[in-house]
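[1] Return atomic coordinates for the entry below.
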Amino acid sequence: MTPKVVLVTGVSRYLGGQLAAVLAADPRIERVIGVDSVPPSREMLLALNRTEFVRADIRNPLIAKVITSAEVDTVVHMNIGTAPGVAGGRTSMKELNVIGTMQLLAACQKAATLRRLIVKSTTTVYGSSSRDPALFTEDTDARAVPSSGYAKDSVEIEGYVRGFARRRPDVSLAVLRFTNFIGRHIDSMLTRYFSMPFVPTVLGFDARVQMLHEQDALEVLRLATIGSYNGTVNVGGEGVVLLSQAIRRAGRIPVSVPAPLVGLLGGVLRKARVADFSPEQLRFLNFGRVVDTTRLVEDFGYQPRYTTAEAFADFCSSHAPVIEPARIRGIERRLLRAATLNRIQEPVDA
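    Prediction:
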């Protein structure tokens, strides 16, 4: 059943604002309320259309009054930070993510009109390690439980969401575990990583990376809001790319770094505000992570329009390469021919 009053948290960020705008354009939805602790940009405010913006901090119990007074029946929780630098430090980020979610869930629990809750989660809850399976399903336990940063916050958030589900079994609940977002408008650890002219890699590792195009992410969020899917679902594009392939396709220059120096390099990049790499994200660049999306296609009912490779190609089209990928391939072919010729010309011992 189409919701009547939808509340979206985190509307000052790109995906949260875009979702609110799309929902506000649906005439079947009577009201869309956007909540954030900071006001949206002028461009975002114009795009929000008839969305009613409320400047409020979800860490404050007053969020309960917003939900109750507006008789909200559907809540979409998007206000989960991924970068400590943007949130004002790791402590502030944890408070926003974990304490904020706890306050929001407490408000939802008391709301008699609430009928549906959608939570934007992440596949980082599976962790990254050398013992990972080829594919994580929604029922697979992490081989290495995340112990820091955004990944640890997400594990805790999902725990509180499960507790809410037990207390309010009448509320339909969807937990969307997204892979890494990619696209022309996404600002994340991964997009900043592939935007650097010299891209550090871990010597001896070549991670498998799965991505989701921003347009597919937005459509999944929309369908989850107006639909009735209940449960947890992995959301990602079909296929993977190797980290080395992605760097080459982006026209960047890879720089191999010995594993013991990776943590030091991550700290230098954080201090220089070039990229905000947490230890968990650095492990991802070692081992990667790939999830099974069968449930997304068969049960949720959505097939992403972009594969991982196509989504990454769209991202690359909006970023000028340092070295043209065609030139890199030409150099590789010449080196391969030279190596092959040297082998042929080597004298054979009698």
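[2] Flag the shaky bits of the stretch 251-350 of the chain, pLDDT-wise.
    By pLDDT under 70, the low-scoring segments of the stretch 251-350 of the chain are 266, 269-277, 324-336, 338-339, 341-350.
[3] quick one: the helices in it?
    Along the stretch 251-350 of the chain, counting by DSSP state H, counting those that start in this stretch, helices occupy 259-271, 279-287, 294-295, 308-316, 325-345.
[4] tell me which strands and helices the fourth one is in contact with?
    Judged by 3 or more CB pairs under 8 Å, 6 or more residues apart in numbering; DSSP states H and E, the packing partners of helix 308-316 are strand 180-182, strand 211-213, strand 241-242, helix 243-249. C-betas here are computed from N, CA, C, even on glycine.
[5] list the contacts for Leu135?
    Val290, Val291, Asp292 (CB atoms under 8 Å, 6 or more residues apart in numbering).
[6] I meant to write Glu30 there.
    Per CB under 8 Å, 6+ apart, neighbours of Glu30: Lys4, Val5.
[7] What distance do you get for it to Leu221?
    Remark: distance between Glu30 and Leu221 (CB to CB, to the nearest Å) = 19 Å.
[8] now swap in Thr179 and tell me
    Distance from Thr179 to Leu221, by CB to CB: 14 Å.
[9] Repeat that for Thr68.
    24 Å.
[10] So which of those two has more stuff around it?
    Comparing Thr68 with Leu221 by other CB atoms under 10 Å, the one with more neighbours is Leu221, at 24 against 15.
[11] next one: the helix or strand harbouring that one to chain centre, how far?
    Assignment of secondary structure by DSSP states H and E places Leu221 within helix 214-226. Here helix 214-226 shows a centroid-to-chain-centroid distance of 13 Å under the convention CA atoms, centre = their mean, to the nearest Å.
[12] Give the buried residues for it.
    In terms of neighbour count (16 or more other CB atoms under 10 Å), helix 214-226 has its buried residues at Glu214, Gln215, Asp216, Ala217, Leu218, Glu219, Val220, Leu221, Arg222, Ala224, Thr225, Ile226.
[13] which other residues reach that helix?
    2-3, 6, 14-15, 18-19, 22-23, 26, 28-29, 74, 76, 78, 116, 118, 120, 174, 176, 178, 181-186, 229, 235, 237, 296, 300-302, 304-306, 311.
[14] what's the angle from the helix or strand just after that helix to helix 214-226?
    Remark: after helix 214-226, the chain's next helix or strand is strand 231-235, criterion DSSP H and E. Going by axes from the mean of the first three to the mean of the last three CA atoms, to 10 degrees, strand 231-235 is angled at 170 degrees with respect to helix 214-226.
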